[in-house]
Structures are given as C-alpha cells and as structure tokens.
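Participant: Need coordinates for the following:
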Amino acid sequence: MMNRRDFLASLCLCCLSGAADALPFRKDEGAGWMNTCKSGLPDHLRNHPLVAAAWSGLNPALVWDVHTHLLGDGASGSDCWISPKMQSIIYPQQFMQRQFFENGGCVDGERGNPGGQGNLEGGLDDAYLGRLAHLIDEFPMGAGAMLFAFDHTYTEDGSKDLSRAAFHVPNLHAINIAKRFPGRFRAVASIHPYRLDAVAELKLAAANGVVAIKWLPSAMGIDPASPRCDLFYEAMANLKLPLITHAGQERAVKGAHQQHFGNPLKLRRALDHGVRVVVAHCASMGEDRDLDRGSNGKYVESFELFARLMADSRYEKNLNADISALPQINRAHYLVKIIERPEWHDRLLNGSDYPLPGVIPLFSVDLFVEKGWLAKGDATVLKQIREYNPLLFDFVLKRSARVGGKKLSDCIFETAKRFKPIEI
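Facilitator: Sure thing, here's the model as predicted:
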C-alpha cells in the first residue's frame, strides 16, 4: 500500500503538472520527491570540510537569512490563517501548494517529530516554529533569520478581502517569536498600504523592533506605483524601514493573482520617496511590460527591468536585492548572471525563501554538477545535508557554486549590519 508521503507526492505532481503556473520539478539521483524531515545533523556533516569552507571568511553573527517565511493555522492563539482555497482539493493548485509548503517545513500532518520537537499542542504554529528553530540552532552561534509576517489582501477602498487572500501571518506573531529568540530571529512586518490604519500600524511595528516590511504585491493586491502608497512610503522613509518586496512572476502564492503588480519598474515610486527597497529574487522570473515605453510597451524579461533599475545612478544607495530562491531549477541561470556581476554584490543580500529549500524537487544538485557549477563530490555531501537541514543546504550550495572561477562574494551573506531595529 502507498504510504502518505508517496501518495501526496504523486497527487501533488499530478495536479501541479497540469496547472498553467506549475512549478518545474526534477528528481535528483538518489533523492525522493518529498522532504524526509530527518532531525539532528550528524557530526560528520556538521564538521565536513565543505561546510567549514562555506563559513570561511564570514562572521556568523552577521549571517542572517533575510527571506524566511512563517506559516501557521492559529492553533496557538497567534491568529494565523490559511485560506479555505488552500485547504480544499476543489482548488487543486492552491491545495497542492500548501501541501508542498507544509512538507518543506516538515509539518505536513506527520508532526510526531517536527525537528525533534515532539507532538506540539499549538498545531501548525508551534510545529512549524519548532522545526525552523531546530534548523537554525544547527548554525553557528550568532547566525539567524528574519521572519516574515504576511498581511491580508485589501481592496482599493481599504477593505480586507478574504476571498482573494492566500494566508495571513500577523505582525505580532513574528514580533513575539523574535522576542522569544532574540539571538536567532528578527521580525519583518507586513502591512498593506491601502489599509486605513497602515501608517499607524507601521509606527507600532517599528516601536516593536521590526527591521523591515514585506510585500508580495501580486498576491496581496498592491500596486507599488499607486498614489495610494505615498503616505506609507513617506512614513517608511522617515522611519528608515526597508521594504522587501517580490518582483517578477509569482508562482508560489496565488492570492489576488495580479501579476502586473510585480513589475520592477513600479518600484520607482518607493525609491523616489527615499525608501530603501530590497527586490526579492532579483526579479528573476517572468516578463513584464516595459513601462518606460508606455502603458503598451513590449514585454521583456523582468530581470532586464530590474537590471535597468540597478544601473540607475539615482538608486545606488537605496536599491538592493536578495538572492533567495535563485538556486531553484527555474531560476538557476539567473544565479549565474548574478555571480558574473560582481559590481552588484555589495548591494545583494542572502535569503533562503524557506520553506522552499525543503521542497525537494524544486532544487537539483545534479543540474549544478552538469553545468559545471559544482564539483560532483560536493554534490554528494549537499544531498546528505539537505535530508537533515534544508536551510544549511541552501547556504552551503550558494557558497560552493562557481562559475568560471567566480563565486558569490562574502558581503552578500553578512546581512545583519544592514537591518537594525529603529529607535523611535
């Protein structure tokens, strides 16, 4: 009889392979389709020369993952929420996305051992946090992660729109976790700028020590170029809080599904207000209209539009990007482009997009070997690390990748000094 993991793997791949926005999958030699969720990284991997080389030249206290998602169901009293569409097979793509997210975070119903934490009363909230805390504790002391809240979708008039929302992680949930684990986690708030209380919520979040604001415009229904954002941008600039926002095509979270809101050129409005903007994933997927040629401009690669912003001298001081998700199969060729642009490196920040590194078929170590970006012997070690700690796998893979002798610079990984709580 097929076990639960194999059933979910087959069902997920079947449903997603037929979806228009299906994510690309590839099965590495010797790997399964689903996260094995092993716990307790063995010493021979923790102390392996490849891992030691990944940490060489870095101060662990400055190595903070700037793109880490939280997930919960509210069972702990957190008020986390998941859309009914992500919980019903009637909406197969969204249902399967949730299945993969939960398996990536090792909380897919088999919660008896989420990272060695035991069966927790707080449901998905506690199980997910337990696993994540366990993974981070296997990093050297001082290293940590920035945890994302995730706001609801709102309409133009500032009303909450649950019918189009994907999930919700309240700011207070991220803030409380950061306060419980100050040496490992920092909070990133998520505030929809159309909210009637957006500026007040921003000031409250800043007072509680958040280090940035997170948007996913296409899923949340945010047009970054809308005048409705101006007061929010002014407040962000005054508080010196950075905006971490997705750009380019979004496939992992559907929500409002307004892909055109991910156009990198729409971020000029925030930049022109003096907001420091971090473009998630370097806009490394999809196409957007070239709005510089008018509202009917031709479609070009979103990455090309991002590169145009990076080349604009007006934005040298307040435009950054993170490299989260770049090792994924569908983005890996952009990781090569990033490695080959060392003049960008001091403006780039490392992030994992966790729990996606735990979604096994989104990453192919074998692909890196085939392309000559990774030594075959290193691939074997990375596959073993991935079974125990996908966060460490993502970090070591990026640190080990080479293109023509070039690599990602150390400064990309020492991110903590660029995100500090604001005193108000």
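Participant: How many neighbouring residues does residue 379 have?
Facilitator: Using other C-beta atoms under 10 Å, residue 379 has 22 neighbouring residues. Placement of C-beta: from N, CA and C, glycine included.
Participant: what does residue 42 give?
Facilitator: Using other C-beta under 10 Å, the number of residues around residue 42 comes to 12.
Participant: same check, this time on residue 301
Facilitator: Neighbour number of residue 301 under other C-beta under 10 Å is 16.
Participant: How about it, nearest residue that isn't a chain neighbour?
Facilitator: Ranked by C-beta to C-beta, 6 or more residues apart in numbering and with sequence neighbours excluded, the top spatial neighbour of residue 301 is residue 287, at 5.8 Å.
Participant: just residue 157 next, same as before
Facilitator: Computed as C-beta to C-beta, 6+ apart, the closest residue to residue 157 that is not its neighbour in sequence is residue 194, at 7.8 Å.
Participant: Wasn't that neighbour part of a strand?
Facilitator: No - assignment of residue 194 by DSSP: H, G, I helix; E, B strand; the rest coil gives coil, placing it outside any strand.
Participant: if I pick it, what's in contact with it?
Facilitator: With contacts taken as C-beta atoms under 8 Å, 6 or more residues apart in numbering, residue 194 has the following neighbours: 154, 155, 156, 157, 158, 221, 222, 228.
Participant: Name the member of those with the most neighbours.
Facilitator: residue 222 (27 neighbours).
Participant: So that residue, which state does it fall into?
Facilitator: Following three-state DSSP, residue 222 is assigned to coil.
Participant: could you list every residue that touches the closest residue to it other than its chain neighbours?
Facilitator: Spatial nearest neighbour of residue 222, chain neighbours left out: residue 215 (5.6 Å); criterion: C-beta to C-beta, 6+ apart. With contacts taken as C-beta under 8 Å, 6+ apart, residue 215 has the following neighbours: 190, 192, 222, 224, 243, 244, 245, 246.
Participant: Which one of these is nearest to residue 408?
Facilitator: residue 244 (18.9 Å; C-beta to C-beta).
Participant: neighbours around that closest one, how many?
Facilitator: A total of 28 residues lie near residue 244 under the criterion other C-beta under 10 Å.
Participant: Could you report the pLDDT at the residue nearest the centre of the chain?
Facilitator: Within the chain, the residue whose C-alpha comes closest to the C-alpha centroid is residue 353; the distance, by C-alpha atoms, centre = their mean, is 2.5 Å. Looking at residue 353, its pLDDT is 96.
Participant: Can you name the residues that contact it?
Facilitator: Taking C-beta under 8 Å, 6+ apart as the definition of contact, the neighbours of residue 353 are 67, 68, 69, 280, 281, 324, 325.
Participant: Which residues does residue 243 form beta bridges with?
Facilitator: On the basis of DSSP bridges, residue 243 is bridged to residue 213, residue 277.
Participant: my guess is it meets residue 271, correct?
Facilitator: No - taking contacts as C-beta atoms under 8 Å, residue 243 lies outside contact range of residue 271: 9.5 Å.
Participant: So if I had to pick from the two, which one is more boxed in?
Facilitator: Neighbour count, other C-beta under 10 Å: between residue 243 and residue 271, residue 243 has more, with 24 against 20.
Participant: so how far is residue 208 from the more buried one?
Facilitator: The span separating residue 243 from residue 208 equals 18 Å under the rule C-beta to C-beta, to the nearest Å.
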